[in-house]
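A.B. asks: With the input below, show me the fold.
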Amino acid sequence: MTVPAQRDPRQPGHPRDGELAGAWRLVSFHDVGEQGRTGEGPLGPDPRGLLIYTEDGHVSVSMMRTGAGPAPGFMGYAGRWHRRGNRVVHRIEVTPRQDWIGTEQTREAELDGDRLVLHAETTVDGQRRRRVLTWRRI
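C.D. replies: All right, here's what the predicted structure looks like:
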């Protein structure tokens with residue numbers, strides 16, 4: 001019988017099955033431009049958020065701006081999730097954004113102890129951006 005190798009929890013890496021289940025608090029949310037320049041994310045310099053993954057494959061994410069700003073102050077959705085290699089796929093079922101319903105949002109995932117970093121590619125004002133969201137397990 002072959003026993004799968006255990007990942008050293010002290011070393012960052014891609015999450016394995018079961019490691020994402022639980023609740024996570026947003027630590028930071030920023031954008032990285034095509035030239036590698038880091039900038040404020042769409043929810044300002046100090047966003048708050050909660051991400052919940054259940055073991056049976058449900059996901060819920062709610063994020064908000066903590067101060068006044070030009071863009072909408074809330075982002076959120078719920079649906080189902082699964083892993084695909086080093087990525088997490090969110091299949092969105094409920095959201096105020098009608099164009100996201102029924103879509104899959106794919107995030108590159110890196111887990112380091114109680115810290116989860118999700119990376120997503122997007123286009124903002126015609127410019128490619130990499131969104132970087134850092135979460136801490138609660």
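
A.B. asks: switch to C-alpha atoms for all contacts and neighbour counts from now on
C.D. replies: Noted.

A.B. asks: Okay, and the beta partners of Val132?
C.D. replies: Beta-bridge partners recorded for Val132 (DSSP bridges): His30, His119.

A.B. asks: List the residues that contact it.
C.D. replies: 28-32, 117-120 (Cα atoms under 8 Å, 6 or more residues apart in numbering).

A.B. asks: any idea how far it lies from Gly102?
C.D. replies: Applying Cα to Cα, to the nearest Å, the value for Val132 to Gly102 is 23 Å.

A.B. asks: same deal with Arg80?
C.D. replies: From Arg80 to Gly102 the distance is 10 Å (Cα to Cα).

A.B. asks: Tell me the spatial nearest neighbour of the residue nearest to the spatial centre of the chain, not counting adjacent residues.
C.D. replies: Compute the mean C-alpha point of the chain, and by Cα atoms, centre = their mean the closest residue is Leu118, 4.3 Å away. Beyond its immediate neighbours in the sequence, the residue positioned closest to Leu118 (Cα to Cα, 6 or more residues apart in numbering) is Ala109, lying 4.7 Å away.

A.B. asks: Hmm, the one you found is touching Asn86, no?
C.D. replies: Yes: using Cα atoms under 8 Å, Ala109 makes contact with Asn86 at a distance of 6.0 Å.

A.B. asks: Next, show the common contact partners of the two.
C.D. replies: Residues touching both Ala109 and Asn86 (Cα under 8 Å, 6+ apart): 14-15.

A.B. asks: quick revisit: tell me the SS of the residue nearest to Leu118?
C.D. replies: Classification of Ala109 by DSSP: H, G, I helix; E, B strand; the rest coil places it in strand.
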